[in-house]
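Colleague: Below is the sequence, then the predicted model.
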Amino acid sequence: MKIIAKIKTDMKEKFGLPRQSGLVPELKGKIVFEPEYKDENALRGLDGFSHIWVIWRFDGFDGNKWSPTVRPPRLGGNKRMGVFATRSPNRPNPIGLSLLKLDKIEDGELYVSGVDMMDGTAIYDIKPYLKISDCRPDAIDGFAEDTAEQTSNVTFECDTDMLTKAELKAVKQMLEQDPHPSYKTEPDRLYGMKYKDFNVRFYVKDACVYVKEIKNDSVK
């Protein structure tokens with residue numbers, strides 16, 4: 001398949017990314033089309049939609065070592081489910097699907113929010129979200145229905161003045177999803193999440209997230 005665009009986001013690493021799109025509304029992105037597909041005619045009418053489906057490639061996976069079963073984070077990483085019953089990136093064709101809010105179209109580029117992709121992720125296709133067909137209130141969520149997304153309390157034990165209000169809100173929303181591997185239970189273990197030029201160091205105790213340090217890696 002042809003790569004039609006790449007997305008620019010503030011997340012340079014996989015760790016800390018939301019497990020699903022839309023969970024962190026403050027996480028923004030900009031979709032920049034490849035020269036061959038940078039044609040405003042291809043976007044005609046898209047500004048009338050509030051949300052878009054984005055089909056993209058999972059970086060670091062090529063499908064050669066896929067497994068028929070995976071350990072979904074939603075189940076604590078301790079129980080195996082069939083790969084086709086999950087959204088794991090480790091699949092025969094490493095394709096991701098995200099529903100993003102379309103904030104605006106400017107100079108032929110799409111500004112979106114609620115992203116769950118790393119900076120530079122390749123995009124294969126974009127389609128409008130249609131509530132008349134894409135929304136199914138009577139849908140059943142399988143094993144995910146019994147493990148609804150729960151947010152963690154976040155406490156900052158350090159100075160946050162180096163962050164703007166929007167950046168602080170984004171960091172808080174990401175940490176509310178508790179990105180650490182749920183099967184690791186060491187209460188004193190420090191984790192590092194990269195956001196923009198910041199290294200956010202935190203630990204998890206009693207299902208709560210405590211931010212111990214925020215360091216700006218661009219400042220020597």
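Modeller: Perfect, I can see it now.

Colleague: Would you mark the buried spots in the longest strand anywhere in the chain?
Modeller: Secondary structure assigned by DSSP state E gives strand 95-106 as the longest strand of the chain. In terms of neighbour count (16 or more other Cβ atoms under 10 Å), strand 95-106 has its buried residues at 95-96, 98, 100-102. Where you see a C-beta, it was placed from the backbone N, CA and C, and this is true even at glycine.

Colleague: okay, how far is it across stretch 21-29, tip to tip?
Modeller: Stretch 21-29 has an end-to-end distance of 12 Å (Cα to Cα, to the nearest Å).

Colleague: wait, I meant stretch 125-143
Modeller: In stretch 125-143, first residue to last residue: 29 Å (Cα to Cα).

Colleague: Also stretch 6-20?
Modeller: So stretch 6-20: terminal residues 19 Å apart, Cα to Cα.

Colleague: remind me which residues of the protein are low pLDDT?
Modeller: Judged against pLDDT under 70, the low-scoring parts of the chain cover residues 74, 76-77, 146-149, 182-185, 219-220.

Colleague: can you list the domain ranges for this protein.
Modeller: What automatic domain parsing lists as the domains of the chain is 5-134, 153-216.

Colleague: Just put the buried residues of strand 95-106 in a markdown table and tack on distance to residue 112.
Modeller: Formatted as a markdown table, the buried residues of strand 95-106 follow (distance: Cβ to Cβ, whole Å):
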| residue | distance to residue 112 |
| --- | --- |
| 95 | 18 |
| 96 | 14 |
| 98 | 9 |
| 100 | 4 |
| 101 | 6 |
| 102 | 6 |
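
Colleague: quick check, nearest of the residues you listed to residue 47?
Modeller: Nearest to residue 47 among the buried residues of strand 95-106: residue 102, at 7.9 Å, using Cβ to Cβ.

Colleague: Pull up the gap between the nearest residue to the closest one once chain neighbours are set aside and residue 95, please.
Modeller: If the residues on either side of it in the chain are set aside, residue 102 comes closest to residue 52, at 5.2 Å by Cβ to Cβ, 6 or more residues apart in numbering. As judged by Cβ to Cβ, to the nearest Å, residue 52 and residue 95 stand 16 Å apart.

Colleague: quick one on the thing from earlier: tabulate the domains of the chain in TSV, adding columns for distance to residue 140.
Modeller: Listed next are the domains of the chain as TSV, based on distance: least, Cβ to Cβ, whole Å:
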stretch	distance to residue 140
domain 5-134	12
domain 153-216	23
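
Colleague: For residue 144, which of those is the nearest?
Modeller: Checking these against residue 144 by Cβ to Cβ gives domain 5-134 as the closest, at 6.0 Å.
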